[in-house]
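[1] Let me see the structure of the following:
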Amino acid sequence: MVRNILLVGLLLMLNLAGAQPRIVASVTPRDVKVGQSFQVTYTIEGDFQRFIPPSFEGLRVVAGPITSTSIQIINGRFSRRAEYTYVLKALKSGEYVIQGGGVIAEGRRFDLPTVTVYVQESDKPVAKQKQPSPRQTNQQVPQQKELQDIFIVAEVDNPNPYVGEQVRVKYKLYSRYPVQNINTTYVPNNTGVWTYGDVVNQKLELKQEVLDGKPYYVVEIAEQFIFPQKAGTLWLDSFGLDIVVLMPQRDPFFDEFFRPFREDPFFQNFMPSFMTHEPVSVHVSGGRKRLVVKPLPEPIPEDFSGLVGKWKAELNVDGTNVPAGEPVTYELIVKGSGNVKALRIDNPPIDTSLFEVYDPEVRDKTTVGKYGVSGRRRIKWILIPKDTGTLVIPQWTMSYFNPYKQTYEKITINEVRIHVYGDGSLALVEDEQTKQEKPSQETLFISRDDLWLIAKLIGGAIAMLALASLLALVVRKQRRKQEVRHRVIAKEIRQMLERAHSLLQKGDFENFLSTLYDILWKFGANNVDDYSDAMTAQEIAQILESKIGREKAQQWLSLVRRIETELYAPVPMHKDKRKYEEWLRKAEEIL
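    Numbering: from 1, shown residues only. Predicted structure coming up:
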């Protein structure tokens with residue numbers, strides 16, 4: 001009995017020690033031409049914490065990542081499978097190597113497989129029936145009339161949009177004959193527009209519609225949302241498909257045998273037609289559509305942000321009563337319906353004699369939903385007060401064009417007053433004060449040669465002094481920048497700790513653990529000069545030893561691994577509030 005228990009324990013330990021994600025990369029289709037979309041899919045089997053995308057140098061990312069995850073527990077065994085799919089397009093022929101990226105699992109990085117794609121020159125075909133194979137030579141060849149009953153159309157909800165206004169485009173395949181199979185050969189390569197949505201629908205459904213009094217089988221191939229970037233005539237490119245349809249064909253033997261009966265008026269209403277349906281391969285293209293894009297109305301406001309749609313903004317300032325030298329976060333959040341990537345705004349009217357303004361951190365999030373595209377942009381400026389007292393950031397405005405009302409609308413960003421107290425003598429770079437020696441009263445007799453030598457020595461000394469001053473200035477600015485970064489992150493960590501306390505009190509243990517995990521990683525990254533996402537917890541802990549001591553560094557590593565086990569365990573762990581309170585206390589001691 002004891003031997004069996006030991007054997008099971010040994011097997012479990014080997015399984016856990018050797019567990020690593022299995023990563024497979026695939027390309028569809030394999031034969032790619034210029035302008036043709038293709039998919040690269042990374043399939044990951046096993047547990048992991050983070051996916052790092054590869055570099056798609058030289059390729060255009062049309063869509064992605066499109067993710068799907070499945071988790072199964074069969075006979076007590078846990079398995080996880082995740083897929084990350086990117087839709088890509090090459091605009092030039094040649095060899096493209098997709099490399100880099102990886103997944104983080106158990107604190108280790110596992111690289112993604114390298115993918116090589118060979119792109120050939122485009123030979124975009126004309127819509128036609130594909131040539132039959134030798135096995136199909138006895139099949140009936142579709143006539144031109146029959147091919148006219150198979151076509152692609154593009155439906156748009158607004159053929160006359162404004163510049164930057166959203167247009168919904170649906171590409172549909174119409175066929176009088178049942179459709180068995182659909183393969184995409186090329187997709188629209190529209191220029192002069194922002195495009196969102198699936199290049200090809202992930203799930204194709206066959207429906208029926210009546211068009212001009214005739215019944216058709218209909219497949220919605222794709223739905224996209226486009227935003228024209230310039231006024232004038234815009235042509236949407238066509239779709240290309242290889243499809244298999246079931247064409248009606250008469251049976252030659254029965255058709256000839258019963259012909260006399262079918263020609264007899266008495267039997268015409270009783271004789272069957274003896275029609276069969278055979279699969280026939282057909283290439284079809286279409287969907288080219290003309291849009292007439294209107295320019296935005298004049299006059300365009302001076303504070304125009306570039307946005308078209310329906311938008312609003314909110315301002316967050318994390319402190320309006322701060323000590324001198326304390327960083328202040330001035331964050332603007334713009335959100336609404338439309339293309340957020342068109343947003344263009346300068347820095348807010350912040351007086352640089354009152355604040356040092358650091359380059360903003362910008363984050364975009366775009367969502368494609370049932371009713372179109374919506375977006376959100378966060379712009380965060382870090383400000384350092386240069387003086388004490390009440391410092392004012394004045395009110396300012398930004399405008400956008402509302403195509404539904406056909407007018408420009410203003411968004412007002414309110415005035416902010418920041419009260420700075422304490423010693424205001426914190427300067428970003430202290431000017432070096434040079435001491436000037438009083439000239440000597442003695443009369444010196446110097447020869448011309450000596451004077452020339454002295455001049456060269458003085459010139460060299462001045463150049464060296466200027467270079468040294470410049471280097472000192474650069475080093476001082478760099479140190480100041482790092483100091484501000486550390487202080488900002490420390491402030492964010494304090495705010496996250498307050499949120500962790502609140503989540504723990506509410507009993508929201510999962511979000512509590514995620515927040516505490518983020519706090520520990522942010523602390524670790526803040527104390528590593530050359531931090532990268534590829535670093536493991538073990539590597540960060542080794543660096544932390546020289547910053548916070550070996551004991552605290554090991555406590556940090558132990559706590560990170562405990563939370564990882566709790567968050568990503570195959571079997572849900574027991575939630576213990578007292579244990580989590582102890583973890584939070586230890587984290588606060590480390591921080």
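
[2] only C-alpha atoms for contact and neighbour calcs from this point on.
    OK.

[3] where do the helices sit along the stretch 401-550 of the chain?
    For the stretch 401-550 of the chain, applying DSSP state H, counting those that start in this stretch gives helices covering 448-506, 509-526, 537-548, 550-568.

[4] Which element, helix or strand, includes Ile66?
    strand 60-74 (DSSP states H and E).

[5] immediately after that strand, which helix or strand?
    strand 77-89.

[6] Tell me which residues touch Leu497, please.
    516, 519 (Cα atoms under 8 Å, 6 or more residues apart in numbering).

[7] Sorry, slip of the keys, the one I care about is Leu291.
    The contact partners of Leu291, taken as Cα under 8 Å, 6+ apart, are 159-161, 233-236.

[8] So among those, which ones count as buried?
    159-161, 234, 236 (16 or more other Cα atoms under 10 Å).

[9] quick one: which of those is nearest Arg363?
    Pro161 (28.0 Å; Cα to Cα).

[10] Hmm, Leu296 and the closest one touching each other?
    No. Pro161 is beyond contact range of Leu296, at 9.8 Å (criterion: Cα atoms under 8 Å).

[11] sorry, back to before: could the helices of the stretch 401-550 of the chain go into CSV alongside mean pLDDT and distance to Asn321?
    Below are the helices of the stretch 401-550 of the chain laid out as CSV (pLDDT from 0 to 100; distance: least, Cα to Cα, whole Å):
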stretch, mean pLDDT, distance to Asn321
helix 448-506, 72, 14
helix 509-526, 83, 25
helix 537-548, 82, 31
helix 550-568, 81, 33
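
[12] The ones you listed into a markdown table, with extra columns for distance to Val284?
    As requested, those are exported to a markdown table (distance: least, Cα to Cα, whole Å):
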| stretch | distance to Val284 |
| --- | --- |
| helix 448-506 | 56 |
| helix 509-526 | 51 |
| helix 537-548 | 54 |
| helix 550-568 | 48 |
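
[13] Could you point out which of the ones you listed sits nearest Thr185?
    helix 550-568 (41.2 Å).

[14] How far away from the center of its chain is the helix or strand that that closest one is followed by?
    Next along the chain after helix 550-568, taking DSSP H and E as the criterion, comes helix 577-590. Helix 577-590 has its C-alpha centroid displaced from the chain centroid by 34 Å (Cα atoms, centre = their mean, to the nearest Å).

[15] cool, and stretch 182-190?
    23 Å.

[16] Can I get that stretch in PDB? Just the C-alpha atoms.
    Taking C-alpha atoms only, stretch 182-190 is exported to PDB below (Å, rounded to 0.1, in the frame of the first residue of the first chain):
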ATOM      1  CA  ILE A 182     -16.800  27.500 -49.900                       C
ATOM      2  CA  ASN A 183     -13.100  28.500 -50.000                       C
ATOM      3  CA  THR A 184     -11.900  32.100 -50.100                       C
ATOM      4  CA  THR A 185      -9.400  32.800 -52.800                       C
ATOM      5  CA  TYR A 186      -9.000  36.600 -52.200                       C
ATOM      6  CA  VAL A 187     -10.600  39.200 -50.000                       C
ATOM      7  CA  PRO A 188     -11.200  42.900 -50.500                       C
ATOM      8  CA  ASN A 189      -8.000  45.000 -50.300                       C
ATOM      9  CA  ASN A 190      -9.600  48.300 -49.800                       C
END
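
[17] in that stretch, what counts as buried?
    182, 184-189.

[18] what mean pLDDT would you report for that stretch?
    In this model, stretch 182-190 has an average pLDDT of 80.

[19] could you point out where the stretch 201-350 of the chain is predicted with low confidence?
    Where the stretch 201-350 of the chain drops to pLDDT under 70, the residues are 201-203, 249-277.

[20] again, only this time at 80
    Residue ranges of the stretch 201-350 of the chain with pLDDT under 80: 201-204, 247-278, 346.

[21] need the strands for it, in chain order.
    206-211, 214-228, 232-236, 239-250, 275-286, 289-293, 304-317, 321-323, 328-338 (DSSP state E, counting those that start in this stretch).

[22] residues of stretch 517-530 that come out buried?
    517, 519-521, 523-527.

[23] out of the buried residues of stretch 182-190, which one sits closest to Gln148?
    The closest of these, once distances to Gln148 are taken by Cα to Cα, is Ile182, at 17.7 Å.

[24] So the closest one: helix, strand or coil?
    strand (DSSP: H, G, I helix; E, B strand; the rest coil).

[25] distance of the closest residue to it other than its chain neighbours from Gln208?
    Sequence neighbours aside, Ile243 is the residue nearest to Ile182 in space, at 4.5 Å (criterion: Cα to Cα, 6 or more residues apart in numbering). Distance of Ile243 to Gln208, given as Cα to Cα, to the nearest Å: 17 Å.

[26] from the buried residues of stretch 517-530, which single one is nearest Arg377?
    Ile519 (23.6 Å).

[27] Check the burial of the closest residue to the closest one other than its chain neighbours by counting its neighbours.
    Excluding its sequence neighbours, the residue lying closest to Ile519 (Cα to Cα, 6+ apart) is Ile493, at 6.1 Å. By the criterion of other Cα atoms under 10 Å, Ile493 has 19 neighbours.

[28] Please name the residues that touch Ile493.
    Counting by Cα under 8 Å, 6+ apart, Ile493 has contacts 519, 522-523.

[29] Can you lay out those as CSV showing distance to Glu498?
    CSV is the format used below for those (distance: Cα to Cα, whole Å):
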residue, distance to Glu498
Ile519, 11
Lys522, 15
Phe523, 15
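
[30] re earlier: neighbour count for Ile243 and Gln208, which is higher?
    In this view Ile243 and Gln208 are compared by other Cα under 10 Å, and Ile243 has more residues nearby, 21 against 13.

[31] Quick check: the more buried one touching Tyr177?
    No. Assessed by Cα under 8 Å, Ile243 is found out of contact with Tyr177, at 11.2 Å.

[32] so what sits against both of those two?
    By Cα under 8 Å, 6+ apart, no residue touches both Ile243 and Tyr177.

[33] residues touching Thr536, list them.
    107-109.

[34] If I look at it, what pLDDT would I see?
    Reported pLDDT for Thr536: 76.

[35] cool, Pro65 as well?
    72.

[36] show me the residues around it that make contact.
    Pro65 touches 84-86, counting by Cα under 8 Å, 6+ apart.

[37] If we use 10 Å, what do you get?
    The neighbours of Pro65, taking Cα atoms under 10 Å, 6 or more residues apart in numbering as the test, are 40-41, 53, 83-87.

[38] what do you get for Asp303?
    344-346, 396-400, 410-411.

[39] Phi, psi for it please.
    phi -90, psi 20 (degrees, to the nearest 10).

[40] again, but for Arg50
    Here Arg50 shows phi and psi, under degrees, to the nearest 10, equal to phi -150, psi 140.

[41] returning to what we had before: may I ask which two of the buried residues of stretch 517-530 are separated the most?
    Maximum distance among the buried residues of stretch 517-530 (Cα to Cα): 15.9 Å, for Tyr517 and Asn527.

[42] how close does Val245 sit to Asp149?
    Val245 is 11 Å from Asp149, by Cα to Cα.

[43] what about the two, which has more around it?
    Val245 (21 against 13).

[44] still on that earlier bit, dump the buried residues of stretch 182-190 to a markdown table, plus distance to Ile454.
    As requested, the buried residues of stretch 182-190 are exported to a markdown table (distance: Cα to Cα, whole Å):
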| residue | distance to Ile454 |
| --- | --- |
| Ile182 | 87 |
| Thr184 | 81 |
| Thr185 | 80 |
| Tyr186 | 77 |
| Val187 | 76 |
| Pro188 | 75 |
| Asn189 | 71 |
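
[45] Let's see which of the residues you listed end up in helices.
    If you go by DSSP state H, these have nothing in helices.

[46] Return the member of these nearest to Lys92.
    Asn189 (13.3 Å).

[47] For the contacts of Leu291, give me a markdown table that also has distance to Pro65.
    Compiled in a markdown table, the contacts of Leu291 are given as follows (distance: Cα to Cα, whole Å):
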| residue | distance to Pro65 |
| --- | --- |
| Pro159 | 30 |
| Asn160 | 32 |
| Pro161 | 29 |
| Thr233 | 32 |
| Leu234 | 28 |
| Trp235 | 28 |
| Leu236 | 25 |
